[in-house]
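Visitor: All I have is the shape, not the residue letters:
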């Protein structure tokens, strides 16, 4: 690729275009204006206020609230120091730890033929039973055929899995992130009866294929995966972190909540029994604990206690992931690997959304205003059940994927991340979510301002040409922003007015968490008889659910988050960390702007991703602080 004439031709053309553009009068004017604005911004009191490091971790740790919140952990930690050796032997020699390690060793020694035979027999058994009893469906059969072809490939490869594993990027990541010792990847060769192993693969594949048919394929995967995953997560808390990052895009809320609970249990056990493991705390932790307490209060004092307490518990469980992540992710390599996995998952979510558009997915028409936008036939929602929620999700991902592309040093990495970014952008366009489009424009603008101002200069002519290239349906949808004749826009305005009317009586304490509490109180204050499940504005919704203290606590957390981003950006010398925190911050800025037009916490999984992004930035800040101390 690097030696190809086509590659060099396009690079040369691009450089010539940029050279002509940089010598133009437009470039000089825009460059002067952007430089002038940057100078004003850097000298402003606002930036000085945000970037001033006027806090001390020692002051936080000596505060009364911190000592009360941290007291249970300190008691357990002292007990672990006293009985550390005994506890460590018990844990390491436990059935879960020993059986998991033994299974991992055996799986590495088995040939890929075993896995190939298992996959082929499993898929064929399940597919034949499904066709015989339920009929033929093209897409499921096609997918199973592709999986079976992968099994054929593994059969033909016929190498011990260990040979493929050792030296691979997967082995490097697993050894570093999961702290797998070298003994597990330098296993001695052991002879095994090939006929017995192949027969075992066929028998197990057949039995599990039958089980998958009777349980349905989805529930079979969840059941078997849940049992295996439980053991793995209790063995290594890092496996739980990776699993949550992988599965938050795809599986239902309660399953991801259960996985988070198990991961937190593993985290507590690790913190108590492992003398080398430390729970990392920052000044943001104090406010997050306060906010979690307000969530609990909002559930207890709600007009609908049962439903609000359930929502409160889900929120608090997902907030716990922040503490797990910050204490587990400790290197730049961890951040890069986990965020890359996150982006790849986002790529598949986007592909599924595009597939929905091409095939006209069931329910995708329900979100279309047929009177106002007759030319819009489908709004995609992918795995998030709502096009606006999918838009909020993609706002968070696109700037980060763009940042990973910008920070990449190798051309093939840039190509991959560019492809993922373009796919996500196409999917975002197909949501027809206007608030998400505006949020993405803000996110890209912030990214360009802090990473490379030349992107602003390039973006202006692109934005001028873009309307000429876009379909009429997209142009009409974008131009309808603020048009009150659109039912969606007028609907939101009436909901905001009704919510403000309700807040005259409930601004102090709120009405409680969730749709049921909102629907019980809001109809007494609504305008024009408009019924709504939430306030369609995340700030009004927080205020209506938790009162003024909930909103203040959230704004303080966002302020600290912004402060961490700017301090890390200004102080770090690491190019990747600098670009990474800016791209995460840009995504959050676009997401929070979308929060002006919708309740961006309505979907629990997006709520979890919000706290993931918080944790990513705090982890990056901690890495930067450690590098400063080492220097």
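Guide: Structure received. Source: prediction; values computed, not measured.
Visitor: ok, and the closest non-adjacent residue to residue 271?
Guide: Distances taken as Cβ to Cβ, 6 or more residues apart in numbering place residue 279 nearest to residue 271, at 5.3 Å, with adjacent residues excluded. From N, CA and C alone the C-beta is placed, and that goes for glycine too.
Visitor: try residue 315
Guide: Nearest to residue 315 is residue 295, by Cβ to Cβ, 6+ apart, at 5.0 Å.
Visitor: Verify the contact between the one you found and residue 549 for me.
Guide: No. Here residue 295 does not reach residue 549: they are 11.0 Å apart, not a contact under Cβ atoms under 8 Å.
Visitor: These two: who's more crowded?
Guide: residue 295 (23 against 18; other Cβ atoms under 10 Å).
Visitor: Contact partners for the more buried one?
Guide: With contact taken as Cβ atoms under 8 Å, 6 or more residues apart in numbering, residue 295 is in contact with 312, 315-316, 319, 513, 546, 550.
Visitor: can you check residue 500 too?
Guide: residue 540.
Visitor: can I assume it sits in a helix?
Guide: Yes. Residue state for residue 500 (DSSP: H, G, I helix; E, B strand; the rest coil) corresponds to a helix.
Visitor: Start at 111, not 1
Guide: Right, with 111 as the first residue, what we last looked at is residue 610.
Visitor: Quick check: it vs residue 616, distance?
Guide: Distance of residue 610 to residue 616, given as Cβ to Cβ, to the nearest Å: 11 Å.
Visitor: what do you get for residue 566?
Guide: From residue 566 over to residue 616 the distance is 43 Å, taken as Cβ to Cβ.
Visitor: ok, now residue 239?
Guide: 56 Å.
Visitor: Between the two, tell me which one has more neighbours.
Guide: residue 616 (18 against 15).
Visitor: give me the low-pLDDT residue ranges for the stretch 161-310 of the chain?
Guide: Applying pLDDT under 70 to the stretch 161-310 of the chain picks out residues 161-216, 218, 249, 274-303.
Visitor: mind running it again at 90?
Guide: Scanning the stretch 161-310 of the chain for pLDDT under 90 picks out 161-226, 228-229, 232-233, 236-258, 260-310.
Visitor: re earlier: ok, the residue nearest to residue 381 to residue 266 distance?
Guide: On the measure of Cβ to Cβ, residue 389 and residue 266 end up 48 Å apart.
Visitor: Ok, residue 361 next?
Guide: Going from residue 361 to residue 266 by Cβ to Cβ gives 33 Å.
Visitor: Go ahead and confirm residue 271 touches residue 222.
Guide: Yes. Counting by Cβ under 8 Å, residue 222 is a contact partner of residue 271 at 6.1 Å.
Visitor: Who are the packing partners of the longest helix seen in the chain?
Guide: If you go by DSSP state H, the chain has its longest helix at helix 648-681. Where contact means 3 or more Cβ pairs under 8 Å, 6 or more residues apart in numbering; DSSP states H and E, helix 648-681 is packed against helix 155-161, helix 393-410, helix 597-616, helix 625-631, helix 685-704, helix 714-740.
Visitor: and with 6 Å instead?
Guide: Applying 3 or more Cβ pairs under 6 Å, 6 or more residues apart in numbering; DSSP states H and E, we find helix 648-681 packed against helix 155-161, helix 393-410, helix 685-704, helix 714-740.
Visitor: what's the angle from the second one to helix 714-740?
Guide: Interaxial angle of helix 393-410 relative to helix 714-740 (axes from the mean of the first three to the mean of the last three Cα atoms, to 10 degrees): 160 degrees.
Visitor: Quick check: buried residues in the first helix or strand past helix 393-410 going along the chain?
Guide: Downstream of helix 393-410, the first helix or strand assigned by DSSP states H and E is helix 415-438. Under the neighbour-count criterion of 16 or more other Cβ atoms under 10 Å, helix 415-438 has 417-425, 427-438 buried.
Visitor: can you give me the offset of the helix or strand encompassing residue 339 from its chain's centre?
Guide: Using DSSP H and E, residue 339 maps to helix 327-345. Averaged C-alpha coordinates place helix 327-345 at 21 Å from its chain's average position (Cα atoms, centre = their mean, to the nearest Å).
Visitor: now stretch 710-721
Guide: 9 Å.
Visitor: Check the average confidence over it, would you?
Guide: Averaging pLDDT along stretch 710-721 gives 95.
Visitor: how about a markdown table for the contacts of residue 405, with distance to residue 487 and pLDDT added?
Guide: Listed next are these as a markdown table, based on distance: Cβ to Cβ, whole Å; pLDDT from 0 to 100:
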| residue | distance to residue 487 | pLDDT |
| --- | --- | --- |
| 422 | 39 | 95 |
| 425 | 36 | 96 |
| 426 | 41 | 96 |
| 429 | 39 | 96 |
| 623 | 36 | 94 |
| 656 | 40 | 94 |
| 660 | 40 | 94 |
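Visitor: nearest to residue 725, of these?
Guide: residue 429 (10.1 Å; Cβ to Cβ).
Visitor: shaky segments in the stretch 361-510 of the chain?
Guide: Looking at the stretch 361-510 of the chain by pLDDT under 90, you get 378-396, 413, 440-441, 443-444, 466-489, 495.
Visitor: mind redoing it with 80?
Guide: Scanning the stretch 361-510 of the chain for pLDDT under 80 picks out the ranges 382-388, 391, 393, 470-487.
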